[in-house]
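In: coords please:
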Amino acid sequence: MSMTYYTVDDLRPGRSGWNVRRFSALAAAIEHYRSLPMDGARVLGMADDTHAYELIRCVRLFPGDAQGEDVLAADYRHGGLVKKNAALKDALDVCLESLRPRFLLEPERLIPVPQRKKLRKELREALLWQGYEENYESAIRSVFVGGAVIQWIRDGMHLIQDSCDSEYYAQKVPDNGGVYIVPAFTGLGAPYWDMYARGAILGITRGTTQNHIIRAAEESIAYQSADLMWAMEKDTDITISTLKVDGGASRDHFLMQFQSDILNKEVLRPAIRETTALGAAYLAGLATGVWKSREEISHLWSCNQLFEPKMDAAQREKLVRGWHKAVGRSQDWAEHEV
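Out: Residues are numbered from 1 along each chain as shown. Modelled structure (predicted):
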C-alpha cells in the first residue's frame, strides 16, 4: 500500500480555488504546510490507495481571531484505523512532535492534547480514549469526571437519594477520615493524561462510614479543579487570584468552601449559576438588540457569595499530599492493549 502526503491551502486573494499539493515524504509536506499562511483553513494530510486522512488543520479558535492555530484533525474512532494502520500512527507521531498542536479537533469540539511526549504517544494510540464514545460530553473536558462522581454515589452506590443530599452527609463527619476517592472511571484527564488509570477508593479503615465516602467524593471534585488551576499557573507563569464557579455543583456550600480552602484562593459564586443557559440568552439578546455589545453584557455579572480560604497551610498540604498519593495508586491500572 503506497502512502502519499498532501497539503491544502486556503482560498486566498488572487486564487481561483483550493490548491492541493502532494508529496512523497511527510517531512516535505510539513515544511510546505508551515509556509502556508495561518489566516485560513490550511490542511495537512496523508492518503493511501483508498483513504485520505486529515492530520493537522489550521482553525480559528475564536471568531475574532486574525490567525488560526494548528490542531490535530484526526478523527479515527470509526473503524479503529489508528490501531490497524502503522503508517498513520507514525505520521501522527511526527505531526505531534513537529507541529506541537495543543488541541484535538472533533466536530464543534476541541480537546486538549497532552504536552508530555509519552502521553502524546498514548493519545495517538487511543484516539480517543477508552470509553470516549459512550461518554462524549465528559471526554471533551479536561476533568473527565467531576460532578458525575456524585451521580455515581447516588445511582451506582445508592449512598444518597438526591444529589443535593451529598452536602448534608459530607458535613456529618469532621473530615474525610483519611479516605480519598479518585473518580478515574474513564481515565484521568489533565494534568495526568492517563487513559489507563481507573477509579479507586483508598484509605478505608474499620472506622470508615458512608459519610466519609460521600465526603471523599465531594472533595475529589475540588482536588481535580485545583490540579487544573495549579497546572495552568505553572504553564503560564500567571498567578490566579480568584475562581469563578457556576453550574449545579456550585450550589453546594460545603464544596465551594472546600474548593477555596484547597486552592487557598477566593471562590466567587454568581447570582445566576446556570451560566450555559444564561450565555444562550445573552447570544439571543445580542442578535435581537436587547444588548448592544458584549461589553454591556459583561457588566451584568454579579457575585452572590464569596468563599474565602479558612484552612491552615499545614492541613491543606497534608490533604493535597494524600490526594496526589491516591492518584498515584490509581494510575496505569488497566491493561495496555497490544
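In: ranges for the strands of the protein?
Out: Applying DSSP state E to the chain gives strands spanning 4-8, 20-23, 43-47, 52-59, 69-72, 103-106, 109-112, 180-182, 200-202, 242-244, 266-270, 303-307.
In: would you mind finding the most buried of the ones you listed?
Out: Of all the strands of the chain, strand 180-182 carries the top mean neighbour count, a mean of 26, counting by mean count of other C-beta atoms under 10 Å. C-betas here are computed from N, CA, C, even on glycine.
In: other SSEs contacting it?
Out: strand 200-202, helix 210-236, helix 313-330 (3 or more C-beta pairs under 8 Å, 6 or more residues apart in numbering; DSSP states H and E).
In: could you list every helix and strand that the first one packs against?
Out: The elements that strand 200-202 packs onto, with contact taken as 3+ C-beta pairs under 8 Å, 6+ apart, are strand 180-182, helix 313-330.
In: give me the domain ranges for the chain.
Out: Using automatic domain parsing, the domain ranges for the chain come out as 4-128, 148-330.
In: now tabulate those domains in TSV and tack on distance to residue 336 and mean pLDDT.
Out: Listed next are the domains of the chain as TSV, based on distance: least, C-beta to C-beta, whole Å; pLDDT from 0 to 100:
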stretch	distance to residue 336	mean pLDDT
domain 4-128	9	70
domain 148-330	6	92
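In: just the helices and strands packed on strand 180-182: most buried one?
Out: Using mean count of other C-beta under 10 Å, helix 210-236 ranks as the most buried of the helices and strands packed on strand 180-182, with a mean of 20.
In: rewinding a little: nearest to residue 70, of the helices and strands packed on strand 180-182?
Out: Residue 70 lies closest to helix 210-236 among the helices and strands packed on strand 180-182, at 18.0 Å (C-beta to C-beta).
In: and the closest one, what does it pack onto?
Out: helix 148-151, helix 165-170, strand 180-182, helix 253-263, helix 313-330.
In: can you say which of these is nearest to residue 159?
Out: Between the helices and strands packed on helix 210-236, helix 165-170 lies closest to residue 159; by C-beta to C-beta that is 7.6 Å.
In: send the alpha carbons of the closest one over as PDB?
Out: Extracted C-alpha coordinates of helix 165-170, given in PDB (Å, rounded to 0.1, in the frame of the first residue of the first chain):
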ATOM      1  CA  ASP A 165     -28.000  15.300  49.900                       C
ATOM      2  CA  SER A 166     -24.200  14.900  49.500                       C
ATOM      3  CA  GLU A 167     -23.600  18.200  51.100                       C
ATOM      4  CA  TYR A 168     -25.600  17.300  54.200                       C
ATOM      5  CA  TYR A 169     -23.900  13.900  54.700                       C
ATOM      6  CA  ALA A 170     -20.400  15.200  53.900                       C
END
